[in-house]
Structures are given as structure tokens and as C-alpha cells.
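Asks: need a structure here:
(chains A and B)
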Amino acid sequence: MDLLLGNHILTAVVFLPTAGAVLLLLFPKSRPKAAAGFALAVSVAEFLLSLPLWARFDANASGFQFLERADWIPALGISYTLGIDGISLLLLLLTTLLTPVSLLYSITHVTKSVRAFSIAFLVLETGMIGSLVALDLALFYVFWEVMLVPMYFIIGIWGGARRIYAAMKFFLFTMAGSLLMFIAILYVAARHRAITGEWSFLLTDLYGLSLDAPTQTLLFAAFALAFAIKVPVFPLHTWLPDAHTEAPTAGSIILAGVLLKLGVYGYLRFAIPLFPDAALAAAPWLGLLGIIGVIYGAFVAYAQKDMKRLVAYSSVSHLGLVVVGVGAFTTTALSGAVLQMVNHGLSTGALFLLVGVLYERRHSREIAAFGGIAAVVPVTTALFVIATLSSIGLPGLNGFVGEFLILLGTWTSPHRWWAVVAATGVVLSAVYMLSLVQRVFWNPLDQEENRQLPDIRKSELLAAAALVAAMVWIGVRPNDVLDKLRPSIEAVRGSLVERAAPAQAENRP
Amino acid sequence: MTESFLLFTPADLAAIAPELVLAGAGSLIVLLEAFAPRARGWFATLSVAAVAGSLYFLLRAPEGAFFGGRLETSALTTIVGLLLGASAVVAILVAKPYLVKTGEEKGEFYALLIWGHLGVSLMTRGTDLLVVFIGLETLSLAFYVLAAIFRTIPASSEAGLKYFLTGAFGSAFTIYGIVFLFGKSGSVRIDGLTLPGLAEDPLVMFALLLLLVGFGFKMSLAPFHAWAPDVYQGMPTPAVAYLSVAPKAASVLVLFRVFAAAFESGLPDRLRTGVAALAILSMTLGNVVALAQRDIKRLLAYSGIAHMGYVTIALAVFGREALAAVVVYFFAYLFSNAGAFAAVAALYRDETKPHPVGLLAGEGRRSPFAAGVLALCLFSLAGIPATAGFIGKFFVFKAAVDEGFYVLAIIGVVNSLISIGYYLKVVYILYMREPVEPEAPPSLAPGDRLALGLCAAGILLLGIFPSSLWNAARHAAEGLSFLSP
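Replies: Residues are numbered from 1 along each chain as shown, chains lettered A, B, ... in the order given. Predicted coordinates:
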């Protein structure tokens, strides 16, 4: 690998999917199977290419690894700088895992304009990975926005009945947040120039910038808004149920699995370390909104009649818990939050996939249209139950580790009562998820159509099995993952704790 | 300063060679049309060759002032000349298949386009307000006729008349302003404005405001924009591709020149507030009204009004960085806007009727290349990263933020958000609706293909590798010698 790529492994990981997308343009439209197969092959190659990152990542070193740097717009100090720490490593691997899973699922289920679908998906993967590895604010912003375009098409062309509305809402909501962040990015860089005389958009240059408290508050607000919409933090979540429900299954998997995580990632990588004083002041509010999200998302999920919408609202609840972990800001809570992002990506990805499997057979997502199908589709049932148990945090599976760490870390933070309230969310998630399983798979089999449902296909099974394997692995050996995270979490915390300590000392009489 | 216009040296002739080539080529085409109509098939090629030849002379011309300081060649005029030439080439490439489709393939179209281009070129190079004005009028006269060139289509005649009336109105403002400046400074040369203390004279300020209005008309800057939607709608689309880019760029450049000469250290506060107000009005009005448009040419007209608002932000910010940002912005705007009009020219079948957006339904699948380029142009106009449009906005907003114009920058990005509403609507119709036209669009002519390909390449190249253009633009901005850094 070294011989082949030198120090450019991250560049290769970012642009391999785009290269695949360009090659796909050469495929004839009349051979959709070939295009879909090629896209899948590219995404699998991408996954394999990202594995060495995991193997070679030095878990004991803090700071960014696999650094690459090239000039982009040197006159403004904008550079093409890539690098990863433990947080981006995990999310990157989640992305390279979920993309082939989504494409594998889509091979049998996407029949309209297959080539265009594959191209959109691969471009989307470049956007997601680029956002995770970019260490230059301008570069990050480019990748961050580029993601919107393919996702807009994926929802708008291959989505469900209300796809147009959902696609438009998704695009406008996300864009609305990002544009103010864009001005904030320009402001931070201009301040860097005012102080040092040099333009720079490089994250590590900007981390040390001293800004007064009101400025920090405004800038943090601009960044936080962009990321809060993406997460989404209550009350900015209203785009999510529409987008997740109307998107095609593969789109929902990526939306829930990766795109939402980029919001939290944005807090950890940008908003908090860049504006630590403001972040410290905002942490209680963030935690509060997280808690509201946990409870509100859970109740609304429980009230849903549509399986996919239920899973979508469960994301609001689960991401709320992650936000609580970020707000608590202890090492344990942060580790839990990052791990829980991966867990949620796996479990919700699997749930959307299996809901898609059921929908393709029954052509309905109404919970009431099912009932008692456990005996008809035993394999689907088994997978769905595992994904559910992972989602509600059963010990032995991944969800438990993440939730436990968040709650433990929050309990030891100054905001002890958050842990108490947030814990009810864990209970509530068991209520709505188990009741979903009950109503869909157990209850009496009272509808004739359901007797003939075919069980899961091989390709679908393979896609789901990959996710289940990851769930079990993290559930049994969470330290494999947590070890990679620790120095990075400490670094994020350090940025704030160091800055906060003198400030608190000054406040003391 | 007393030497006659008629006295000129060989160096002066060499300096004006780019314009001479255009004048000659236009005349040749008219003569061929009259005496050798069988040469019609070659008019487009001849026109492109004329524009290319003109650019060749422009690039070769030595830098400096000519005709006793009335015409200049500098890095700035060269880079803007490339911009104008590129938009002329796109318009000509699209014009051929368009004129064949409408059955109006005549030499006049090309001749007028080239003469108009000559006028715009003079506007950008003139350092004497009368030369600028002559350029402006040459452009206007050519395009009054181009607007009305389809005699059988009522919308075209209407466009011609409207453009003529409002254009004459705008020109009157311009010449009135020039008269006042002449009265006060005793010269029509732009560097005559550099006299110390002159700019504080209220009459000079009034004259500068008149120039702002006059060129505001040509830029279709709100509130001087009302002609644009009607004229764009009736004018042949390839001519619009040119009119919506090149004269606007030239007008902004003239305003920069005049303001730079008059004000040593940035715009005075009241003028700056006024310019900023125009920027805000133009952005907001353009974007909000565009949301309600059903005709693609009107929609693009209002989008253009909004874009001139973004450009005017840079005029309010002022300074070298702002001028460089304007140059980059116009390159982005050229590829995206001229590309969009080129796609419209290629995608619509019947030019005797209006161009409702709804007719584009489903073309994403039936005419993937033209529709794909149109979508790319719209994303670029919306300012989505990795396209040229983002880079243009990036530099304009950067200049604004760097100079402390936060409110303008924030109003600018809020407007970008509004604009996404209507750009995405067109993309949605292209890709997410079933076709309404019974037949697939005819396959693209080579000219269309080339023009669309050039615009798409420009959008992506500038969007991904903006550095060299930015450096060139910054270097060019230094050519405006009065401008304080």
C-alpha cells in the first residue's frame, strides 16, 4: 500500500468513489446491472482501502495522522489539508461500511436510472469522507455542501410519494444553517489575518486564535446552528422525518447512518475547539435541547403508524442522547457519544434496511398492515430483533456500551440530573421499539397477504449480516474501538479544559 | 490634451487593432450577406475567428495609454477582454443552430453581435468618458436591433422597443453625468477626476450618481432593472447569453474606474451607503421576484438582477481585493449564466412561443447533456461549492467580511438561500417530472455541444482550481492605478 500510495492514502480514500463515478459515465445506459455491480465493487474496494487506516492508526498518539498537505488557494492560505484522528477514523469506517451495504441492498431494489443512482451515491461518499478528513475550513465547507447535491437527487428521484417536498426541505434546511457558518468561517480567517498578518483557513492555526467572548458567542452560534440542523437538535429536526421517510432505503441508511453524525462531528471538530469559551457557556443549553430531543423523539416515535417514520423519529431520540453526551463533556460521556454515533449508524442502518425489505414485499410501511409474520419470514425477523436489541441497548450488543458510557459520563459531570432524565429515554426506546416488533412480527397473523411474504434475499441478507457482525463485535470488544478514541477525545476536551481553567480561576474571588 | 482625435501614431493603431478586427469582420459579414448569401454557412466560423483574432491582438498589444490617454491596454483590460471574448464565443456558437432552428439564419445577427462586442470592448478600455460613452452607444444600438430581429414575433418587437426606450433613458443619465463632470473638471478624461478636492463638490457627486444610474441600467441593477425580464424574454436567446454578461461586466468596470479616480481613499460614507442599498435592493428584489417566475428566461433575468446585487456588494466594499473579486465573479457568472442561456437555446423547440419552465419537464433523461449542463449552471448560480459560482461568491463575501461589511455579507448569504428555492425548482422539473413535450428534443448541434461543454468545463475548473484566476485577477486589479490598495 505504501509503495502504491505513499502518503496519499487519505486522498485515495476521498476520491476513489468519484473516480468510480466518472468511470460509470462510460457505462452504457442499457446495462443497468453492470453499472450497479461496478458501483458496488468500487464501494467495496473503498472499504478495503480504508481498512489499513484502522490497522495503521496509532492509538497512542494524539493529534492528526496520515497528514497530507498541498496548496489550494495560497493567496488566502487555503490549503488542501487532510488528516484524521480517532473520531474521524471511526466515522470514516462507518461510512465506507454503510455505503457498500446500501449499494448491495439497492442492487435488487433500484431499477430506475441505475447508472445515475450509482453515480450520485459515489459522489455522496466522496462528500462525506471529505468532510471527515478535511482539516482546512474552506475545504471542509466545500465537501460539506457538496454532499447536499447527490442527496437531493437521491431523495428527489428515487424517493417515495412525497419525495419532492422532502428533498427540497432537506436541501433548504441544511443550506440555511451552512450559509451563516460560511460567513463565520470567513470571519475567523479574516481575524487570523488581522492578528498574525497571514491568511489561514487551517484548523490547527485557528484553534489557538484568541477571540473575545461576544464574538465567540456569535461565531459559535453560526457554527452550532449549521451542525444542529444536521444532527438534528430539537426543534430543528422537522426536516428529518420527511427526508428519512421519503428517501429510498439506501438514502435513509446513509442519512441516518452518516449524515446526522457529521453534525455531531462538526461540534467536536470545529464548533467546540474553535470557540471554547462560548461552547462552555452553551453546553447546558445543548444538553437541555438534547434531553428534550430524547424524550420528544421517543414519544413521537411511539405514536407513529408508519414503520419508517417510527425509525426516523427514533433517530431524533438517539441523537438527542448523543448530544447530551457532548453537552456533559466528560471523557467518558464524549467517548460514549462518539461510540454511540457508530452504534446508531449500524443499528438504524440495519433497521431502515429491514424496513425496506418488508416494504418491497408488502408494498406498505403501515405497521397495521403486518402482524404475526415471524413464522413467515423467520430470517428477517431474527435480524430485525437483533437490530432492535442493539438499538435499545441490550448488553452484549453495541448499543449498550455507548448508552452506558454516555449516562455514566453524564452522571459524573456537573449536570447529574441530565443522566436521570436521559435514562428514561433508554427505557422509552425499549417501549416503542419492542412494541413495533410486537405489532409487526408477533401478534396474530390476521391478513391473508402476509402469509405469502417471501423471506430475505441473499444480497439483502449479506448486507444486513455485515451490520450485525459489526454490532456484535463492538458489543463484545468495545475496547478495540474505545482505545482508538481515547487520545482524540482527550485532545478535544483539552482544548476546552485548558481554556476554561484560567477563565474560571479569574472568576473566583 | 488639446491634440485632435485625428492625430494618431502607428502605436495607437496597434492598440486599437482588436476593435478594428471586429469592425472589419462585422462589415465583411454584412457585405457577404448582401452579395454572397451562399457564404451564410460560414458566418459563425468567421465570427468566432474575428473574436479570436481580436483577442490575439489584445493579448499582443503593449500595455500603456494610447490616443493621448483615451484608451488603455493593461492587465485589467486584457483579463476583462478575455471574459468578454469568451461570452461572445459562447453566444456565436449557440447562435448558429438557434438561427437555423428559427429559420432566420442571416448575417445581420452575427454582424450586430460583433459590433455590440466591439462597443463593450471600447467601454472597458476607454479612459475617456466620451470613448466609454461611444462604446456604450455602439453596444446599445446593435442590441436594440438584435432584440427586435425576429420581425414576425410580437414579443421580439416588444423587446426591441422596450430596450430602446429604457436604454435611451439610461444613456441620457450617463451623458448628463458626463456633461457635469466636464463642466467641473474641464476634461472628459477619467483621470481628470483626480484633481484634489474635486470629489467634494456636490455637483460632481451628483454627476457620479447620474453615472451610477446610467450604468445601473446597463447592469440591470434594481431599481433600474425593469427592462431586463421583458427584453430577455423577447430577444433571441444567444444574444441574451451575451447581453446578460458582457455589458454588465463592462459597466461595473467603468464604475470602478470612475470611483477610483474620484476618491483616493475609498468611497465616501454616503455614497457607500447608497451603493450598499442598491446592492441589497437588487439582491432581494431579484431573488424574491424570481421565485414567482414561470418563464425560464424571465427567471434567469431576475436571477441576473440578484447577481448584480452581489457584484455591487464588491463595489460598495471597494479597493483592489474587491475589484479582483468582481473579475473572478464575472468569470463564474459568464460560465454559469451564459451556459444556462445556451442550454435554454438548445432545449426549447419553438421560439415563436414563450419559454415556460414546465416544458423542460423530464428533459434530464431525454437530453441528458444539455439538461445536465443546465443543472450544473443553476447549481453554480446558486453558489454550491465545487462550482465556479461558489468561488465568485466566496471572494466577494470574503472582501466584504475582511473590510467589516458583515451585514452586507449576511444579507448576501440569506439571499443565496432564497435563490436556491427557484434554481432547485428548475432542477426538479428537469429531473423529477414526467415529460410534457410529446417528442424528445432534437439532438444537439455541434455548436451547442461545444458551447455547453466549454461552460461546464469552466464551471468545474474554476470551482476546483480557482487559484490561478484569482492571482491573475489580483494582478489585473493593480492595473487600476488610482485605486488605493
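
Asks: I'd assumed residue A:59 was in contact with residue A:483.
Replies: Yes: assessed by CB atoms under 8 Å, residue A:483 is found in contact with residue A:59 at 5.0 Å. For every residue, glycine as well, the C-beta is placed using N, CA and C.

Asks: just list the residues touching residue 176, thanks.
Replies: Using chain A here. Counting by CB atoms under 8 Å, 6 or more residues apart in numbering or on different chains, residue A:176 touches A:229, B:417.

Asks: could you do chain B instead?
Replies: Residues near residue B:176 by CB under 8 Å, 6+ apart: B:207, B:210, B:214.

Asks: check residue A:252 too.
Replies: Going by CB under 8 Å, 6+ apart, residue A:252 touches A:244-245, A:308, A:311-312, A:352, A:356.

Asks: swap in residue B:445?
Replies: Counting by CB under 8 Å, 6+ apart, residue B:445 touches B:96-97, B:100, B:346.

Asks: filter those residues to the buried ones?
Replies: Among the contacts of residue B:445, those buried by neighbour count (16 or more other CB atoms under 10 Å in any protein chain shown) are B:96-97, B:346.

Asks: list just the nearest of these to chain A.
Replies: Checking those against chain A by CB to the nearest CB gives residue B:346 as the nearest, at 19.9 Å.

Asks: hmm, the closest one is touching residue B:452, no?
Replies: Yes: applying CB under 8 Å, one finds residue B:346 in contact with residue B:452, separated by 7.0 Å.

Asks: can you get me a residue count around the closest residue to residue A:7 other than its chain neighbours?
Replies: Closest residue to residue A:7 apart from its sequence neighbours, by CB to CB, 6 or more residues apart in numbering or on different chains: residue A:68 at 6.0 Å. Neighbourhood size, residue A:68 [other CB atoms under 10 Å in any protein chain shown]: 18.

Asks: likewise residue A:123?
Replies: For residue A:123, using other CB under 10 Å, the count is 22.

Asks: now the host helix or strand of it: average pLDDT?
Replies: Here residue A:123, judged by DSSP states H and E, is contained in helix A:114-133. Averaged across helix A:114-133, pLDDT comes to 93.

Asks: mind listing what's buried along that helix?
Replies: Within helix A:114-133, the residues that count as buried by 16+ other CB under 10 Å are A:114-133.

Asks: do stretch A:418-433 as well
Replies: The neighbour-count check on stretch A:418-433 (16+ other CB under 10 Å) flags A:418-419, A:421-423, A:425-426, A:428-430, A:432-433 as buried.

Asks: save the residues you listed as CSV, and put in distance to chain B too.
Replies: Formatted as CSV, these follow (distance: CB to the nearest CB, whole Å):
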residue, distance to chain B
A:418, 34
A:419, 38
A:421, 35
A:422, 34
A:423, 39
A:425, 33
A:426, 37
A:428, 35
A:429, 35
A:430, 39
A:432, 33
A:433, 34
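
Asks: need those residues in CSV with pLDDT, can you?
Replies: As requested, the buried residues of stretch A:418-433 are exported to CSV (pLDDT from 0 to 100):
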residue, pLDDT
A:418, 89
A:419, 89
A:421, 89
A:422, 89
A:423, 89
A:425, 87
A:426, 87
A:428, 91
A:429, 91
A:430, 90
A:432, 92
A:433, 92
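
Asks: out of the residues you listed, which sit inside helices?
Replies: A:418-419, A:421-423, A:425-426, A:428-430, A:432-433 (DSSP state H).

Asks: of those, just say which sits nearest to residue A:320.
Replies: residue A:425 (6.9 Å; CB to CB).

Asks: ok, the residue of the stretch 251-400 of chain A found nearest chain B - contacts?
Replies: At 14.1 Å from chain B, residue A:251 is the closest residue in the stretch 251-400 of chain A, using CB to the nearest CB. The contact partners of residue A:251, taken as CB under 8 Å, 6+ apart, are A:102, A:151, A:154-155, A:158-159.

Asks: likewise residue A:51?
Replies: Per CB under 8 Å, 6+ apart, neighbours of residue A:51: residue A:93.

Asks: on that earlier part again, who does the residue nearest to residue A:7 form a beta bridge with?
Replies: residue A:82 (DSSP bridges).

Asks: so it sits right up against residue A:8, yeah?
Replies: Yes: Residue A:68 is within contact range of residue A:8, at 6.1 Å (criterion: CB under 8 Å).

Asks: so what pLDDT did residue A:474 get?
Replies: In this model, residue A:474 is scored at 90, pLDDT.

Asks: and the residue of the stretch 251-400 of chain B found nearest chain A, helix, strand or coil?
Replies: Closest contact between the stretch 251-400 of chain B and chain A, by CB to the nearest CB, is at residue B:385 (3.9 Å). The local conformation at residue B:385, judged by DSSP: H, G, I helix; E, B strand; the rest coil, is coil.

Asks: for it, give its distance to residue B:132.
Replies: To residue B:132, residue B:385 is 36 Å away according to CB to CB, to the nearest Å.

Asks: kindly report the same for residue B:369.
Replies: 40 Å.

Asks: again with residue A:378
Replies: 82 Å.

Asks: who has more neighbours, these two?
Replies: residue B:132 (29 against 13).

Asks: how close does that one sit to residue B:218?
Replies: Counting by CB to CB, the gap from residue B:132 to residue B:218 is 11 Å.

Asks: again with residue B:372
Replies: In terms of CB to CB, residue B:372 sits 32 Å off from residue B:218.

Asks: okay, the two: which has more neighbours?
Replies: Ranked by neighbour count (other CB under 10 Å), residue B:372 and residue B:218 place residue B:218 first, with 25 against 18.

Asks: and the pLDDT at that one?
Replies: Listed pLDDT for residue B:218 reads 91.

Asks: what sits against it?
Replies: B:136, B:170, B:247-248, B:250-251.

Asks: kindly report the same for residue A:108.
Replies: A:457, A:459-460.
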